[in-house]
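Novice: sequence below, structure please.
(4 chains)
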2 protein chains.
Amino acid sequence: MGPVAAANGSDGWIEALGAERTALGRASTAARVADVLRTHVTEGLLAPGTRLSEEDICAALGVSRNTLREAFRLLTHERLLVHEFNRGVFVRKLSVDDVRDLYRFRRIVECGAIARAGGHGLDDVRAAVEAGEVAADEGRWADVGTANMRFHQAIAALAGSARIDESMQHVLAELRLVFHVMAAPQTFHQPYLADNRLILELLESGDLAGAERTLAGYLDVAEAQLADAYDVGARG
Amino acid sequence: MGPVAAANGSDGWIEALGAERTALGRASTAARVADVLRTHVTEGLLAPGTRLSEEDICAALGVSRNTLREAFRLLTHERLLVHEFNRGVFVRKLSVDDVRDLYRFRRIVECGAIARAGGHGLDDVRAAVEAGEVAADEGRWADVGTANMRFHQAIAALAGSARIDESMQHVLAELRLVFHVMAAPQTFHQPYLADNRLILELLESGDLAGAERTLAGYLDVAEAQLADAYDVGARG
DNA sequence: GCATATTTGTCCGTATGTATA
DNA sequence: CTATACATACGGACAAATATG
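Specialist: Alright, predicted model coming up:
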């Protein structure tokens, strides 16, 4: 374990990667490597701006450079990593402008999905709302966060478009990077549970315009809250 | 030039690729290779379903397999190619369902962009409309098509979101694959020029709701026209 | 169903170019 | 300006999967 860890001054995340080596079972090697890295990035174990050295990670995960670069491609496309030519790949660092851009995207996609919602797909929305409420009752704040993600993914899915679904998935993955700048990311989502239920009820009653209005306001508030966190905090 | 051409029964597109070898100037090799392939695919020179042999293309472009595979990855992410494990990469073949999905996406994104349009960005819309009209007057149908693409890209850009812009770009590139199933792709876009101008004028007069309604109807008609072409033609 | 040839998946070593201390 | 570190790109190798006869 020594040499790699000692040489790179990485705060130990390289070793954590190496520990996942055994988990690399089957399926495309690159996809598995991408899974491992994706987890580390979205969980906040790799700080934004960190450079990912090809050599070190190859050694830690026991894969070749070509395979690793394939994994880098996947995550770069998901905007979790950025690739600077002749310099390497880095963990994505989102700016306030990125946050505003993400919410512009969400307003269009989520509100558009509601406006064109048919009757189907509401089950997934309801399931996400209830899962969030149960998790909050039991104090499982991390699960509240994932339930909230599921809620918005389900809202976008009302559009009935695979491409919309995929875009939304990527946007939400990016947002996970943003949440780590919050002082208390655990409880960030809790206040929005009531809005989620209200939107669900408006949808079920057929009041699409009301649901859309509520969601738009919701997104405005969340965006402002995150932008404030940037001003106070890391000045990203 | 003989052996490669003679052996692969490729209708000559491999040689056409080879002709672009000199154009490979600077910037990442993989990105340049991707550019060449992207052009060939979107121009319809490579029929959907065609398998892209690593060996042949490496020889034609004079790049290594690793580099070519990197280019393949880029284009796969753009959905222009599909990668089947242990079988190779193929030019994407879109189904009727794909067409419907693409138009669902466009309805949400383009109409949403109009609904949230500020005053800025209309210059690009106007430029695209006028370029299309001039090209049509002069019978340059290919340019009419590209001007039409520019128009819709400019509409999406009214949202003021880089992520929306990029998503729209990919969707329009995919749509180019669809246009080739039309009997007369050259004149496909011509009838829509009048709609483009109408939408521009509604936007300039501040009638966002009217512009959105017109565009939505436009997209419905175009989708139906393409779906019909699929029924009659290649049964994709 | 089997044996063969082809093609892809993965990895390695190395030479060259680029950025940074 | 020099030196070092690193990414880029190439070519070759072998295993594994697929296609072909």
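
Novice: list the contacts of the residue sitting nearest the centre point of chain A.
Specialist: By Cα atoms, centre = their mean, chain A has its centre lying nearest to residue A:173, at 2.1 Å. Residue A:173 makes contacts with A:38, A:42, A:78-80, as judged by Cβ atoms under 8 Å, 6 or more residues apart in numbering or on different chains. Bear in mind the C-beta positions are built from the backbone N, C-alpha and C, glycine included.

Novice: please redo it, this time with the cut-off set to 10 Å
Specialist: Shown in contact with residue A:173 (Cβ atoms under 10 Å, 6 or more residues apart in numbering or on different chains): A:38, A:41-42, A:75, A:78-80, A:149.

Novice: from the residues you listed, pick the one nearest DNA strand C.
Specialist: residue A:75 (15.6 Å; Cβ to the nearest atom of the strand).

Novice: domains for chain A, by residue range?
Specialist: Residue ranges for the domains of chain A, per automatic domain parsing: A:15-91, A:96-235.

Novice: which among those domains is found nearest to DNA strand C?
Specialist: Comparing these by Cβ to the nearest atom of the strand, domain A:15-91 comes nearest, at 3.0 Å.

Novice: separation between residue A:125 and residue A:94?
Specialist: Here residue A:125 is placed at a distance of 27 Å from residue A:94 (Cβ to Cβ, to the nearest Å).

Novice: could the domains of chain A be laid out in TSV, adding mean pLDDT?
Specialist: Output for the domains of chain A, formatted as TSV (pLDDT from 0 to 100):
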stretch	mean pLDDT
domain A:15-91	76
domain A:96-235	92
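
Novice: tell me how far the helix or strand encompassing the residue nearest to the centre of chain A lies from the chain's centre.
Specialist: Residue A:173 is part of helix A:162-179, with elements assigned from DSSP states H and E. Put simply, helix A:162-179 sits 6 Å off its chain's centre (Cα atoms, centre = their mean, to the nearest Å).

Novice: cool, and stretch A:170-189?
Specialist: Using Cα atoms, centre = their mean, the offset of stretch A:170-189 from its chain centre is 7 Å.

Novice: what ranges do the helices span in chain A?
Specialist: A:2-8, A:13-19, A:29-42, A:54-61, A:65-77, A:96-115, A:122-137, A:141-157, A:162-179, A:193-204, A:208-232 (DSSP state H).

Novice: of the ones you listed, which is nearest residue B:155?
Specialist: Closest approach to residue B:155 among these (Cβ to Cβ): helix A:96-115, 12.2 Å.

Novice: which other helices and strands does that closest one contact?
Specialist: helix A:141-157, helix A:162-179, helix A:193-204, helix A:208-232, helix B:96-115, helix B:162-179 (3 or more Cβ pairs under 10 Å, 6 or more residues apart in numbering or on different chains; DSSP states H and E).

Novice: quick one on the thing from earlier: more neighbours, residue A:125 and residue A:94?
Specialist: residue A:125 (24 against 20; other Cβ atoms under 10 Å in any protein chain shown).
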